[in-house]
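Participant: Build me a model:
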Amino acid sequence: MLYLAYKNLISKPLNTVLSVLLLLLSISLATLVLQARDQLSQHLEKNIKPFDMVIGAKGSPLQLVLSSVLHIDNPTGNISLEEALKIGRNPMVKEMVPVSYGDNYKGHRILGTSTEYLAKYNATLTDGKLFEKAFEVVIGNDVAKKINLQIGDTFTSAHGLAENGLETHDENPFVVTGILKPTGKVIDQLIITNLKSIWEVHEHNDEHDHHEEEHEEEDKEITSLLVKFRNPLGALQLSRFINEKTTMQAALPKFEIERLMEFLGIGFQVINSISIAILLVAGLSIFLNLIKTVRERKQELALLRTYGATKYELIKLVFLEALFLSLLGSVLGWFLGRIGIWFFSIFTEGLYGYHFVFSFPTNKELFILAIVILTTLLAAILASLSLFKLNVSKTISNA
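Facilitator: The predicted structure is shown next:
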């Protein structure tokens, strides 16, 4: 029966290929969407986890989170370091980490912060030492690989967050003192130094003496303050106060990312709807092909009955053909979906530094496979109903 099912399928290659292609397209779209959504959600969740709140300049709260925590957008502006630290000294605040940026090297952001920032992402050195003085940097593992920086190498930054050679700070070269181990988080894409480095780079062209060692804290600005609270209630209470009573704004990363995923979810749902529609067309195609097969091979099926095959064995033959189609389309579709994830990963890694991995089938994907098999078997049942009415002697005599 397996051999007969196989021969039946390859005897009509055009019909078989069409049915498999429809299934393949449906499965690949569905698995691509599932993997992209799940892995993107994991990436975002992993990167925002260390902080409960971001305090920054007024503007879009989502933009503030994307720029200060995920480093994939432009900042909303600068805020006073002194004013931010006053807020950060609230008893409900457990930890606070100031961050400041505005320059890049070959497209990789140079982030001014403290060593506590590294600790929040459990980042450790694979080589060298942490920055201690101005213009010393540690670099993320991906940065070291992509632009081939080593311990002791020097480089000059360019103004802005996108790669450009129009405005460089040649008078203030940075030196690499350490390389971080890979973390799988946003820190892998960053060049990290202390706040003093960022301040001195941007004070170089000021009219006052930029070689002055002592800087008054009240004159300093940062991009944002990253905050961790002792309990979730603190974030809600303090965010309301900051947004209503100060010139700054507070954004909650978890809330903003949930909103972002809801927005992206609309696009994912559209693609899922398309894949379901294609799956239904694929099921209809298989159903029509099986009906056509049964009608065209009535004489062959009747002959099989004369050789001792029962009606249920003939139905089994139709079932096997449908099962072959569903399994072949599902397996090829799953691999095509993974290839799609690979291309998607190339795109996101180049733009945002997010790497998507090749993973084994998830429970959701296995559920989709079960739905596909049930759909094709239903088509087989409907197509094989005429076999119960097959008149063997009449069919053979008319041959």
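Participant: so where is the stretch 1-150 of the chain shaky, pLDDT-wise?
Facilitator: For the stretch 1-150 of the chain, residues meeting the criterion pLDDT under 70 lie at 1-11.
Participant: show me where it has strands.
Facilitator: In the stretch 1-150 of the chain, the segments counted as strands under DSSP state E, counting those that start in this stretch are 53-57, 79-80, 93-105, 108-113, 125-128, 136-139.
Participant: Of these, which is nearest residue 267?
Facilitator: strand 53-57 (25.5 Å; Cβ to Cβ). The C-beta positions use only the backbone N, C-alpha and C, and glycine is treated the same way.
Participant: circling back: let me know which of the strands of the stretch 1-150 of the chain is the nearest to residue 341.
Facilitator: strand 108-113 (24.4 Å).
Participant: quick one: the closest one to strand 93-105, angle?
Facilitator: Put simply, strand 108-113 runs at 140 degrees to strand 93-105, going by axes from the mean of the first three to the mean of the last three Cα atoms, to 10 degrees.
Participant: for strand 108-113, packing partners?
Facilitator: strand 93-105, helix 141-147, strand 191-194, helix 195-203 (3 or more Cβ pairs under 8 Å, 6 or more residues apart in numbering; DSSP states H and E).
Participant: List the neighbouring strands of it plus their orientation.
Facilitator: strand 93-105 (antiparallel), strand 191-194 (parallel) (DSSP bridges).
Participant: burial measure for residue 30, as a count.
Facilitator: For residue 30, the count of nearby residues is 25 (other Cβ atoms under 10 Å).
Participant: My read is that residue 378 contacts residue 284, right?
Facilitator: No. Residue 378 is not in contact with residue 284 according to Cβ atoms under 8 Å; the separation is 10.9 Å.
Participant: Report the buried residues of stretch 248-267.
Facilitator: Buried residues in stretch 248-267, counted by 16 or more other Cβ atoms under 10 Å: 248-257, 260.
Participant: Only alpha carbons, please: show that stretch as CSV.
Facilitator: Extracted in CSV, the C-alpha atoms of stretch 248-267 (Å, rounded to 0.1, in the frame of the first residue of the first chain):
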residue,chain,number,x,y,z
MET,A,248,11.6,64.8,33.1
GLN,A,249,9.5,61.7,32.1
ALA,A,250,9.5,58.2,33.5
ALA,A,251,8.9,55.2,31.3
LEU,A,252,8.3,51.6,32.4
PRO,A,253,10.2,49.2,30.1
LYS,A,254,8.0,46.2,30.7
PHE,A,255,4.8,48.2,30.0
GLU,A,256,6.2,49.9,26.9
ILE,A,257,7.5,46.6,25.4
GLU,A,258,4.2,44.9,26.0
ARG,A,259,2.6,47.8,24.0
LEU,A,260,5.2,47.3,21.3
MET,A,261,4.5,43.6,21.0
GLU,A,262,0.8,44.3,20.9
PHE,A,263,1.4,46.6,17.9
LEU,A,264,3.7,44.1,16.2
GLY,A,265,1.1,41.4,17.0
ILE,A,266,-1.3,43.0,14.5
GLY,A,267,1.2,42.3,11.7
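Participant: which residues sit against that stretch?
Facilitator: Stretch 248-267 is contacted by residues 37, 40-41, 44-45, 48, 51-59, 61-62, 64-65, 69, 76, 79, 83-84, 87, 235, 238-239, 242-243 when judged by Cβ atoms under 8 Å, 6 or more residues apart in numbering.
Participant: Let's see that with 7 Å instead.
Facilitator: 41, 44, 48, 51-59, 61-62, 64-65, 69, 79, 83-84, 235, 238-239, 242-243 (Cβ atoms under 7 Å, 6 or more residues apart in numbering).
Participant: quick revisit: tell me which of the helices and strands packed on strand 108-113 lies nearest to residue 184.
Facilitator: That would be helix 141-147 among the helices and strands packed on strand 108-113, by Cβ to Cβ, at 9.5 Å.
Participant: Show me what the closest one packs onto, helices and strands only.
Facilitator: Helix 141-147 sits against strand 174-180, with contacts defined as 3 or more Cβ pairs under 7 Å, 6 or more residues apart in numbering; DSSP states H and E.
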